[in-house]
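Trainee: coordinates only, sequence not included:
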């Protein structure tokens, strides 16, 4: 059973518009979430995180929203740039075990 | 400060051959991890080491062994490679109240 799900494998957006990437989770015990960005032939890099005590966290063009009742989080990128084209993974730490559970990723393509 | 380094970057094996993937971090992190990434599957945890001297199985440990050689190094061994182990392998390290840092990956093909 997948505890962290990204149901959209790919997304295309015009440069300058908003990109919205979605992630759902099933484990209500998750209390922290992260987004990672991955370019081809590179390792994932940390992008932004959110604690369950918040419903929003902003970092420049990136904002993550958390809806605990719906067990849903989303990453907004405004405005989208061609350099944002990458695969985005959401992840949640599995309690106190030091393990992250990753979603399957969404490939974002920002069209110039 | 190199972060997390992995060797080799690429490897081609024949079925049944063995090899060890090397990983090292210079951030003094306690925890280290091995993941594999396959199309449509995301990142799946193979093994992890919460601290020097300990290792634990992740989601997909079958066919792999690990060694936490010291605080810096965490190796992944394939004793008898199978085509199903064709994948991209990532090592990561972690410090409490921080995020996991990933290496650049090893692309492995098993023929």
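Mentor: Happy to help now that I have it. Quantities reported herein were computed from a predicted structural model and do not represent experimental measurements.
Trainee: please make it C-alpha for all contacts and neighbour counts, starting now.
Mentor: Fine.
Trainee: and residue A:62, what does it touch?
Mentor: A:48, A:75-78 (CA atoms under 8 Å, 6 or more residues apart in numbering or on different chains).
Trainee: for those, give me a markdown table that also has pLDDT and secondary structure.
Mentor: Converted to a markdown table, the contacts of residue A:62 look like this (pLDDT from 0 to 100; DSSP: H, G, I helix; E, B strand; the rest coil):
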| residue | pLDDT | secondary structure |
| --- | --- | --- |
| A:48 | 96 | strand |
| A:75 | 98 | strand |
| A:76 | 98 | strand |
| A:77 | 98 | strand |
| A:78 | 97 | coil |
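Trainee: tell me which of those is nearest to residue A:58?
Mentor: residue A:48 (8.1 Å; CA to CA).
Trainee: tell me the contacts of the closest one?
Mentor: A:34-36, A:59, A:62-64.
Trainee: still on that earlier bit, ok, and the most crowded of the contacts of residue A:62?
Mentor: Neighbours here mean other CA atoms under 10 Å in any protein chain shown. Within the contacts of residue A:62, the largest count is held by residue A:75, at 24 neighbours.
Trainee: separation between that one and chain B?
Mentor: 17 Å (CA to the nearest CA, to the nearest Å).
Trainee: my guess is that residue meets residue A:24, correct?
Mentor: No. The pair residue A:75 and residue A:24 does not pass the contact test of CA atoms under 8 Å, sitting 11.6 Å apart.
Trainee: enumerate the residues of chain A near chain B.
Mentor: Chain A comes close to chain B at residues A:9, A:41-46, A:89, A:98-99, A:101-105, as judged by CA under 8 Å from any CA of the partner chain.
Trainee: which non-adjacent residue is nearest the closest residue to chain B within chain A?
Mentor: Closest contact between chain A and chain B, by CA to the nearest CA, is at residue A:104 (3.7 Å). What sits nearest to residue A:104 in space, not counting adjacent residues and going by CA to CA, 6 or more residues apart in numbering or on different chains, is residue B:42, at 3.7 Å.
Trainee: give me the number of residues near the one you found?
Mentor: 22.
Trainee: residue B:25 now?
Mentor: Neighbour count for residue B:25, taken as other CA under 10 Å: 25.
Trainee: that one and chain A, how far apart?
Mentor: Taking CA to the nearest CA as the measure, residue B:25 falls 14 Å from chain A.
Trainee: could you check how far the closest residue to residue A:52 other than its chain neighbours is from residue A:76?
Mentor: Among residues not flanking residue A:52 along the chain, residue A:31 sits closest, at 4.8 Å (CA to CA, 6+ apart). Distance, residue A:31 to residue A:76, using CA to CA, to the nearest Å: 20 Å.
Trainee: which residues does the closest residue to residue B:13 other than its chain neighbours contact?
Mentor: Distances taken as CA to CA, 6+ apart place residue B:110 nearest to residue B:13, at 4.8 Å, with adjacent residues excluded. Neighbouring residues of residue B:110 by CA under 8 Å, 6+ apart: B:12-15, B:81-86.
Trainee: what pLDDT does residue B:110 get?
Mentor: Looking at residue B:110, its pLDDT is 97.
Trainee: against chain A, how distant is it?
Mentor: Using CA to the nearest CA, residue B:110 is found at 18 Å from chain A.
Trainee: same question, residue B:103
Mentor: 5 Å.
Trainee: try residue B:31
Mentor: Residue B:31 is 8 Å from chain A, by CA to the nearest CA.
Trainee: measure that residue to residue A:85 for me?
Mentor: 30 Å.
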